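Participant: Curious how this folds, go ahead:
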Amino acid sequence: MEEFKRNNINILLEKTPATPRFALNLFFKLNKKEKYYGINSLLARLLLQGTKNYSASELALEFENECIDISTKAKQDYIKISLVFLNEDFKKATSLVKELILNSTFDDFEKEIYKIKGEITSDLDNPKLKLSDAFIKSIFKNHPYSSCHTKILDDIDKITKQDIIDAHKDILEAQKTLVLVGDFENKEEVLNYFEKEFQFMENGIDKNEIEDIFKNDIKEDEIVWLSKNDASQAQIIQGWLVDSFNSPMCAKIAVLNNILGSSGLSSRLFVNLRDKQGLAYNVRSQYETLLHSAVFSMYIGTAPKNIQKSLEGFKTELEKLANEKVSEKELKGAKENIAGRLKYFSQNNSQIAAINGYNHIMGLGLDYNTSFLKEVNNVTSDDVCNVAKILLNMPKVITIIAPDEYKTSF
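Facilitator: Numbers count the residues shown, from 1 in each chain. Prediction:
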């Protein structure tokens with residue numbers, strides 16, 4: 001992957017010979033707290049719902065006829081537009097995405113609000129999604145990352161078309177990254193084309209307003225109980241706010257996460273809580289890194305009578321890691337698993353564009369994966385012990401969904 005700056009446009013290019021389809025990703029960094037929760041998600045959806053020159057149905061037909069796969073996504077730190085198209089359709093695909101960004105009318109915002117409300121209401125009928133929603137709202141209280149289904153549902157009817165127009169203006173004035181991966185013939189021609197035709201991707205100022213308002217208000221353990229009296233299964237998420245990828249702790253947490261619960265059938269949570277004790281229908285751990293924070297969490301689905309045993313199981317597994325050094329074999333296996341996953345998700349043009357664009361817009365640099373793996377390889381068994389000890393002494397958020405009759409059992 002090569003990085004270029006043309007007319008203050010951040011352009012990333014990688015030539016992948018003998019591949020028939022290009023992958024183009026456009027990243028727009030989010031620097032401001034949403035006026036109302038859901039504005040960025042609504043904006044991302046509306047970019048595909050009609051422009052000054054095309055109705056929504058006409059756009060859909062254009063993409064279908066040209067076999068152009070396009071999607072938009074709003075994440076916590078950025079909005080991304082992703083395209084995959086045949087090499088010979090380069091000009092058509094890029095002209096269409098330019099049309100979306102510059103000429104979207106946002107006229108269907110009321111229709112999209114109606115659709116989002118229906119989708120959220122349906123999603124919240126799923127106990128696991130409802131649990132995750134409550135967990136995110138609790139662990140990221142007083143922070144824009146707390147945007148979740150229930151908060152969006154509370155705010156979405158307040159959103160006006162002008163709010164969408166203002167949010168659109170904000171992303172065009174923020175930091176941006178353009179990534180193209182495929183079998184292009186002439187690199188200079190591609191760069192000159194984007195310099196001339198994509199001036200709207202000129203890089204903006206990184207205001208960091210979101211970082212400035214971040215506060216960690218978790219001072220003691222917090223338990224959030226969600227009642228579902230017809231549930232035959234209890235579901236639990238226990239998590240901590242931890243360091244993200246801008247910290248030396250990142251690689252250490254990643255290795256602990258792999259050993260504890262993210263490596264599938266061989267992970268300790270799976271072996272000890274599911275196979276040996278029969279506590280879990282499903283159990284895992286997760287480490288999610290974001291620009292201004294990160295979350296390490298453990299999840300289990302279990303019989304309601306086993307809520308307390310499951311929480312004790314979480315603690316026991318962390319205590320084992322804190323007090324007993326992992327073997328060199330287990331440590332090596334975790335490192336190899338992390339490296340393998342990174343390689344697996346960097347295979348095709350779409351994946352290459354997505355991961356490199358993400359690293360760039362987050363300020364990590366194009367060599368981040370290489371440097372991260374070096375840090376992973378330097379993690380020792382003592383490092384894993386120390387991370388486990390830190391987690392055991394940090395305040396955590398526990399979210400449980402289960403029948404009320406089991407509320408006093410833990």
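Participant: residue contacts, residue 389?
Facilitator: Shown in contact with residue 389 (C-beta atoms under 8 Å, 6 or more residues apart in numbering): residue 322. Where C-beta positions appear, they are placed from N, C-alpha and C, glycine not excepted.
Participant: Output the strand or helix carrying it as CSV - backbone C-alpha positions only.
Facilitator: Using DSSP states H and E, residue 389 falls within helix 381-392. Extracted in CSV, the C-alpha atoms of helix 381-392 (Å, rounded to 0.1, in the frame of the first residue of the first chain):
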residue,chain,number,x,y,z
SER,A,381,3.6,-14.5,30.3
ASP,A,382,4.3,-11.9,32.9
ASP,A,383,2.5,-9.3,30.7
VAL,A,384,-0.6,-11.5,30.6
CYS,A,385,-0.5,-11.9,34.4
ASN,A,386,-0.2,-8.2,34.9
VAL,A,387,-3.1,-7.4,32.6
ALA,A,388,-5.3,-9.9,34.4
LYS,A,389,-4.4,-8.3,37.7
ILE,A,390,-5.3,-4.9,36.4
LEU,A,391,-8.7,-6.1,35.2
LEU,A,392,-9.4,-7.7,38.6
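Participant: Any idea how far it is from the middle of the chain?
Facilitator: Computed by C-alpha atoms, centre = their mean, to the nearest Å, the separation of helix 381-392 from the middle of its chain amounts to 25 Å.
Participant: Check which helices and strands the helix or strand following that helix is in contact with.
Facilitator: Next helix or strand after helix 381-392 toward the C-terminus (DSSP H and E): strand 397-402. On a contact count with 3 or more C-beta pairs under 8 Å, 6 or more residues apart in numbering; DSSP states H and E, strand 397-402 meets helix 127-139, strand 222-227, strand 234-242, helix 307-323.
Participant: Mean neighbour count, these: which tops it?
Facilitator: Mean neighbours per residue, mean count of other C-beta atoms under 10 Å, is largest over the helices and strands packed on strand 397-402 for strand 234-242, with a mean of 23.
Participant: Dump that strand to CSV, restricted to CA.
Facilitator: Only the C-alpha atoms of strand 234-242 are listed here, as CSV (Å, rounded to 0.1, in the frame of the first residue of the first chain):
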residue,chain,number,x,y,z
ALA,A,234,-29.9,-15.8,31.0
GLN,A,235,-27.3,-13.7,29.1
ILE,A,236,-24.5,-11.7,30.7
ILE,A,237,-21.9,-9.2,29.5
GLN,A,238,-19.2,-8.1,31.9
GLY,A,239,-16.8,-5.5,30.7
TRP,A,240,-14.2,-2.8,31.5
LEU,A,241,-13.0,0.4,29.8
VAL,A,242,-9.4,-0.3,28.9
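Participant: Tell me which strands that strand pairs with, and in which orientation.
Facilitator: Under the criterion DSSP bridges, strand 234-242 sits next to strand 294-302 (antiparallel), strand 397-402 (antiparallel) in its sheet.
Participant: Outside of the helix or strand immediately after it in the chain itself, which residues are in contact with it?
Facilitator: Using DSSP H and E, the helix or strand that directly follows strand 234-242 along the chain is helix 249-257. By C-beta under 8 Å, 6+ apart, the surrounding residues in contact with helix 249-257 are 242-244, 285-287, 289, 294, 296, 321, 331, 334-335, 338, 372, 375-376, 378-379, 383-384, 386-388.
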